[in-house]
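Participant: next come a sequence and a model predicted from it.
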Amino acid sequence: MADHLATIWEAIADRLPGEVALVHGEQQRTWAEFEQRSARFAAALLAAGVRPGETVAIDMFNASEYFEVFFAALKIRAVPANVNYRYLGEELAGVLRQCEAAALVYHAGLRERVAPALAAAAGLRLVAEVADGDLGAGGPGLSYESLIACCPPAARTDRAETDTFLSLTGGTTGLPKAVEYVNGHAVRNTRMLGRQMLGLDDVDWDGPALERAVTLHAQGRRPVALPASPLMHSTGLIMASLPVLTAGGTVVTLTGRRFDPWELLAAVESTHPRTVSIVGNAFARPLAQALDAAASGRPYDTASLVTITSAGMAWSADTKRAILRHIPQVTLVDACGCSEGATIGSMVTRRGAAATTDRFVPAPGLTLIRSDGSVIDPASTEQGMFLAPTVARGYRKDPEHTAAVFRTIGTGTYVLTGDWGRWNPDGTVTLLGRGTSTINTGGEKVFAEEVEHVVRSMPGVDDCVVLGVPDDRLGQQVAAIVQSAGDPVSPDTVRSAVRARLAGYKVPRIVISAPVPRGPNGKIIYPEARRLLDQQRSLAGQQRS
């Protein structure tokens, strides 16, 4: 059997048709239903003229249909691509043009954002709308359920391990980069991730996927995963969901559109997942607070949990300790990597062991290099850039950026992650931070110059600089220094202007009115800009106290 996600999932559906594959609220889909619905939508894609190698964009909240569309695209050797559902019209149109989308599937609740983007995105041959709560027909897309009802299942086909799917990452430019994940590499990656997060050490993770799935079911150990983070992010889809589906397990998705720790705990109690995935402190802090509050009443049943895994942003040591106080048996797996398919390392924390925030056990093959490309010896504490093995092969149709970031070494592909770090005497690595101006807020990446462009275009604004400032929960907050031509432009006016043009997470939470510090050469003096922001935050803290 080829190392291809669609081929493996079809085989599992044939052998375990009545087992549950997907759970979303009260809705359950068996493996047979998962495969058949995906096959029917695959037929709809083919009927619309979507061909192998063409992109199927998925602009959706978490739902069972997300996996069906992903599966359907892989079935016909098309290229599924995640789209950030927070994008507004201009942003969405730019993404659709960039990835040359031939089809778009979106939730009905997003139709007001989707509609203005369609006119500016040429090449779409199918636009489908997935029902969303009480919203009836009326959007620009065809009904997803109607397409499934009228199309017979598409015939199965031979596939290549070199088939791809896209991970659209915020990266360090205004438009996201389209990272090409290779199916064969991704399948092999699910084995490593499955071994790490499911705690099934006695399972043959190197053997055939179908045999593993059948064995786990026969032993009554069907794995269940609950990705609490959005599937549009690699943490929820690639790290949590794909390994469990490839092991013939069940993926449970939350119905809420914002992270609610109480919903998560209730779902853990009712569905008994073996693993939950989160995004650092943005999820872990509210979860720890909910566990604290529940402890004084009726604590939730979390006995099924073997691991809680995190990636995408910092997960602080104090929050890890707080969770372990309430879920003593769980192992916390803190992964550090990048959307280019590379893992820098991970750190496993159990109750009673020391917890860390920025220290990781290096992934196999990790290298630390200097700016000139020379390798730093692991015995040295010299700072350098991480070069890590990746399951991706580059950026779609972007040879220039691919050549700058990706490296072929022997038979493997490596990526410069953009992170700086150093070796520690005990063999671990310390993550020092990004080498770019990218702001990471709650797992979302914000390109500072994109926000600056919007603010500078406002009437009455002469200049602007946007920075990320530390935040205990979100990792960073977006902050702006705005220089006005006359009377200061109010913070609310600045936020409204940005909110009208960009996704909500890009709106500055902190806005101060002051001259933008620039040197004689016209370049921004970033230390001075940070001093101004720190001074303002300190003053605000004093006023609150």
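Facilitator: Perfect, I can see it now. Numbers count the residues shown, from 1 in each chain.
Participant: start and end of stretch 379-393, how far apart?
Facilitator: 30 Å (CA to CA, to the nearest Å).
Participant: which parts of that stretch are buried?
Facilitator: Buried residues in stretch 379-393, counted by 16 or more other CB atoms under 10 Å: 384-393. No exception for glycine: its C-beta is placed from N, CA and C like everyone else's.
Participant: hang on, isn't G365 packed against V391?
Facilitator: No. Using CB atoms under 8 Å, G365 is not in contact with V391, being 11.9 Å away.
Participant: show me where the stretch 51-200 of the chain dips below the pLDDT cut-off.
Facilitator: 170-174 (pLDDT under 70).
Participant: which of the buried residues of stretch 379-393 fall in strands?
Facilitator: Cross-referencing the buried residues of stretch 379-393 against strands under DSSP state E gives 384-389, 392-393.
Participant: closest one of these to E65?
Facilitator: Comparing these against E65 with CB to CB places A392 closest, at 25.4 Å.
Participant: ok, now which ones touch the nearest residue to the closest one once chain neighbours are set aside?
Facilitator: Nearest non-adjacent residue to A392, counting by CB to CB, 6 or more residues apart in numbering: G341, 3.4 Å away. Counting by CB atoms under 8 Å, 6 or more residues apart in numbering, G341 touches 167, 179, 181, 185, 189, 390-392, 415.
Participant: one more: V405?
Facilitator: 340, 394-395, 415-416, 418.
Participant: swap in 7 Å and give it another go.
Facilitator: 340, 415-416 (CB atoms under 7 Å, 6 or more residues apart in numbering).
Participant: outline the domain layout of the protein.
Facilitator: Following automatic domain parsing, one gets these domains for the chain: 5-181, 359-434, 439-544.
Participant: winner for burial among those?
Facilitator: Of all these, domain 5-181 carries the top mean neighbour count, a mean of 20, counting by mean count of other CB atoms under 10 Å.
Participant: how far off centre is that domain?
Facilitator: Its chain's C-alpha centre and that of domain 5-181 lie 16 Å apart, by CA atoms, centre = their mean, to the nearest Å.
Participant: was I right to think T428 contacts F360?
Facilitator: Yes. With contact defined as CB atoms under 7 Å, T428 counts as touching F360 (6.1 Å).
Participant: tell me the SS of V251?
Facilitator: With DSSP: H, G, I helix; E, B strand; the rest coil as the basis, the three-state label of V251 is strand.
Participant: surely it touches A225?
Facilitator: Yes. Counting by CB under 7 Å, V251 touches A225, with 5.4 Å between them.
Participant: tell me, what's touching the two both at once?
Facilitator: With CB under 7 Å, 6+ apart as the test, V251 and A225 both reach 241, 244.
Participant: would you map the helices across the stretch 351-500 of the chain?
Facilitator: 399-405, 448-456, 491-501 (DSSP state H, counting those that start in this stretch).
Participant: least reliable of those helices going by mean pLDDT?
Facilitator: Mean pLDDT is lowest for helix 448-456 out of those, coming in at a mean of 84.
Participant: pull the CA atoms of that helix into PDB?
Facilitator: As requested, the backbone C-alpha atoms of helix 448-456 are provided in PDB (Å, rounded to 0.1, in the frame of the first residue of the first chain):
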ATOM      1  CA  ALA A 448       4.100  44.200  11.300                       C
ATOM      2  CA  GLU A 449       4.500  46.100   8.100                       C
ATOM      3  CA  GLU A 450       1.100  45.000   6.900                       C
ATOM      4  CA  VAL A 451      -0.500  46.700   9.900                       C
ATOM      5  CA  GLU A 452       1.800  49.700   9.600                       C
ATOM      6  CA  HIS A 453       0.600  50.200   6.000                       C
ATOM      7  CA  VAL A 454      -3.000  50.400   7.100                       C
ATOM      8  CA  VAL A 455      -2.300  52.800   9.900                       C
ATOM      9  CA  ARG A 456      -0.100  55.000   7.800                       C
END
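Participant: what residue lies at the spatial centre of this protein?
Facilitator: Geometric centre of the chain, nearest residue: H233, 1.8 Å, by CA atoms, centre = their mean.
Participant: tell me the contacts of that residue?
Facilitator: Residues in contact with H233 (CB under 7 Å, 6+ apart) are 312, 443.
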